[in-house]
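**Student:** coords below, sequence missing:
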């Protein structure tokens, strides 16, 4: 059998971390652009920012849709991030499994709450 | 290969008080460590962030309790503590954002020189610390 390592390694099948790498960066850019967008909307309003101005930013349907993607992006980004923390520090497999399971519950619960708040608007 | 692989030392930075002070911390390493810590803080404070979003955006009444959190506190939690947590949030977000942008710049430009690593790390620290100080002073009503 020919060698499947080094520059001849099989590049299908396992992900080799490529998906996580890409997801981490794409979601990061989305979150960063969203931050800039909200910041610009705040900076270009004149006068004090009350409830109407603030809630008005999230009221249009396109903004709700975008904010929804950002919520998903934050959850996914945080999942990849904490996973690498657990990989580095939580060595016993059982402990790591528990921490990963708790992270999923934590993140999905937070995501559900955020979506509920968003669509109540 | 007949010889057993030699057991190599393993560093996991877990013994914070024993290991971390003895390491050399070049600026790039400091930014990297703080990137991880700030990410973990944001992860743990996620429910608080959504609570702030919920209160500030849901109704005029909830907006009132959002502003009251900074003036009189939330329940038994005093206002200064709420502000302190928000300050931690501000620093974590700014540092994580700046360190993330630095990562993206490194990814795109492949500027992997020692000099660029140090200078971009210094810029990251200056950006996040200065902005945190300015916003923190505003938060605590210094101006």
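**Tutor:** Perfect, I can see it now. Remember, it's a predicted structure, so these values are computed and weren't measured experimentally.
**Student:** residue B:116 and chain A, how far apart?
**Tutor:** Here residue B:116 is placed at a distance of 19 Å from chain A (CB to the nearest CB, to the nearest Å). The way it works is simple: take the backbone N, C-alpha and C, and place the C-beta from them, glycine included.
**Student:** that residue belongs to a helix?
**Tutor:** Yes. When DSSP: H, G, I helix; E, B strand; the rest coil is applied, residue B:116 is found to be in a helix.
**Student:** now do the contacts for residue B:88.
**Tutor:** With contact set as CB atoms under 8 Å, 6 or more residues apart in numbering or on different chains, residue B:88 has these partners: B:41, B:45.
**Student:** helix or strand: which one has it?
**Tutor:** helix B:79-109 (DSSP states H and E).
**Student:** so what's the residue count around whichever residue of chain A sits closest to chain B?
**Tutor:** Residue of chain A nearest chain B, by CB to the nearest CB: residue A:51 (4.1 Å). Close neighbours of residue A:51, defined as other CB atoms under 10 Å in any protein chain shown, add up to 18.
**Student:** sec struct for the residue nearest the centre of chain A, please.
**Tutor:** In chain A, the residue lying closest to the centroid (CA atoms, centre = their mean) is residue A:74, at 2.3 Å. What three-state DSSP gives for residue A:74 is helix.
**Student:** with adjacent residues omitted, what lies nearest to it?
**Tutor:** Once flanking residues are discounted, residue A:74 sits nearest to residue A:31: 6.3 Å by CB to CB, 6 or more residues apart in numbering or on different chains.
**Student:** so the one you found sits in a helix?
**Tutor:** Yes. The assignment for residue A:31 is a helix, going by three-state DSSP.
**Student:** chain neighbours aside, what residue packs nearest to the residue of chain B found nearest chain A?
**Tutor:** When scored by CB to the nearest CB, chain B has residue B:63 as its residue closest to chain A, at 4.1 Å. In space, and not counting its chain neighbours, residue B:63 is closest to residue A:51: 4.1 Å by CB to CB, 6+ apart.
**Student:** swap in residue B:54?
**Tutor:** According to CB to CB, 6+ apart, the nearest residue to residue B:54 is residue A:117 (4.5 Å).
**Student:** the helices in chain A, which residues?
**Tutor:** Taking DSSP state H, the helices of chain A run over residues A:18-43, A:51-57, A:61-89, A:93-120.
**Student:** give the other helices and strands that the second one contacts.
**Tutor:** Using 3 or more CB pairs under 8 Å, 6 or more residues apart in numbering or on different chains; DSSP states H and E as the contact criterion, the secondary-structure elements in contact with helix A:51-57 are helix A:18-43, helix B:46-58, helix B:60-71.
**Student:** residue A:6 and residue B:75, how far apart?
**Tutor:** 60 Å (CB to CB, to the nearest Å).
**Student:** an error on my part: the question was meant for residue A:29.
**Tutor:** 38 Å.
**Student:** check residue A:73 too.
**Tutor:** 32 Å.
**Student:** the more surrounded of those two?
**Tutor:** Counted by other CB under 10 Å, residue A:73 and residue B:75 do not tie: residue A:73 has more neighbours, with 18 against 6.
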